[in-house]
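Asks: sequence isn't available, so here's the structure alone:
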């Protein structure tokens, strides 16, 4: 996924990248898409302060409840997009 491909995505499209190295991080900074390389992001990495970027936990993997958890995460992202109150707010250092 280079710098030209995210620009070709339809408005509202979602790129889910479960293999961080597939997306060029510099292109990611330009297009603000999902999953990073390196993962986890080191302290002070530019993505932590990128505007209009939502960083969530990594939920890749196969389990009985994967789809349930993935659906819940998408619903919570929709809350954020609509400006509704968020469910699991983390404050302070983590």
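Replies: Okay, I see it. Given the structure is predicted, the values throughout are model-derived calculations rather than measurements.
Asks: flag the shaky bits of this structure, pLDDT-wise.
Replies: 1, 3, 18-20, 28-35, 52, 57-62, 94 (pLDDT under 70).
Asks: regarding residue 51, what is its secondary structure?
Replies: Three-state assignment for residue 51 (DSSP: H, G, I helix; E, B strand; the rest coil): coil.
Asks: ditto for residue 48
Replies: helix.
Asks: excluding residues flanking it in the chain, which one is nearest it?
Replies: In space, and not counting its chain neighbours, residue 48 is closest to residue 41: 6.3 Å by CB to CB, 6 or more residues apart in numbering. The C-beta positions use only the backbone N, C-alpha and C, and glycine is treated the same way.
Asks: so who does that neighbour touch?
Replies: By CB atoms under 8 Å, 6 or more residues apart in numbering, the contact list for residue 41 reads 47, 48, 55.
Asks: residue 48: neighbour count?
Replies: Residue 48 sits with 11 neighbouring residues when counted by other CB atoms under 10 Å.
Asks: buried ones in the helix ranked longest in the chain, by neighbour count?
Replies: For the chain, the longest helix by residue count, based on DSSP state H, is helix 66-82. For helix 66-82, a neighbour-count test (16 or more other CB atoms under 10 Å) marks residue 76 as buried.
Asks: show residues contacting it.
Replies: In contact with helix 66-82 (CB under 8 Å, 6+ apart) are residues 54, 56, 59, 85, 86, 87, 88.
Asks: distance check, the closest residue to the last one other than its chain neighbours against residue 90.
Replies: Which is residue 88. Nearest residue to residue 88 in three dimensions, chain neighbours excluded: residue 76, at 7.3 Å (CB to CB, 6+ apart). According to CB to CB, to the nearest Å, residue 76 and residue 90 sit 12 Å apart.
Asks: OK, contacts around the residue in the chain sticking out farthest from the centre?
Replies: Within the chain, the residue lying farthest from the chain centre (CA atoms, centre = their mean) is residue 64, at 22.5 Å. Neighbour list for residue 64: empty [criterion: CB under 8 Å, 6+ apart].
Asks: quick one: which helix or strand includes it?
Replies: Under DSSP states H and E, no helix or strand contains residue 64.
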